[in-house]
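# Need coordinates for the below:
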Amino acid sequence: MTSFLRAATLACFATFTATSALAEDTLCQFSKWRGAPADIAMTWTGTAFMLRSKGNQDKIVLLLNEKTSPWIDVDRSSNGRFDTFVYRRTAGPAPGFIRNGRFSFRIYPDGRCKGFVEVKGFSMLEATGTVR
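Okay, the predicted model is just below:
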């Protein structure tokens, strides 16, 4: 009986340890875009994003119609009203132009989510949606 309890305890501990090590994924599906026609804004913000949080490491993948971006490391900040995930990259907004872009994504406790793309010299793009 003692060995059965010991085995059951070890099995529960192993299951808990393995489960806590798994990453948590959150999907934000965009439904509205502002700052440019929707088809143009979608090429920058994507149609959705997936956030993967594991411990203190966060990554985002953008869903661009039938394609996906690679996983991107993001910096997290929180102000109590929402969590923001930010990354920066050099991007070509138009042929012949190279600009530094700021890409930020917010997740609200009520299930709303937003994506923003800011590139100097261009209108800010904003996508809004819901967490699924």
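# Listing partners with orientation, what would you give for the strand or helix carrying residue 102?
Assigned by DSSP states H and E, residue 102 belongs to strand 97-107. If you go by DSSP bridges, strand 97-107 pairs up with strand 83-94 (antiparallel), strand 112-119 (antiparallel).
# Tell me which residues touch the residue lying closest to residue 35 once chain neighbours are set aside, please.
Spatial nearest neighbour of residue 35, chain neighbours left out: residue 125 (4.1 Å); criterion: CB to CB, 6 or more residues apart in numbering. Glycine gets a C-beta too; all of them are placed from N, C-alpha and C. By CB atoms under 8 Å, 6 or more residues apart in numbering, the contact set of residue 125 is 33, 34, 35, 36, 41, 44, 45, 116, 117, 118.
# do the same with residue 65
Here residue 65 is in contact with 42, 47 (criterion: CB under 8 Å, 6+ apart).
# Show me where this protein has its helices.
2-21, 38-45 (DSSP state H).
# Out of those helices, which gets the lowest mean score?
Lowest mean pLDDT within the helices of the chain: helix 2-21, a mean of 37.
# hmm, back to that, show the average pLDDT along the strand holding residue 102.
Strand 97-107 comes out at a mean pLDDT of 86.
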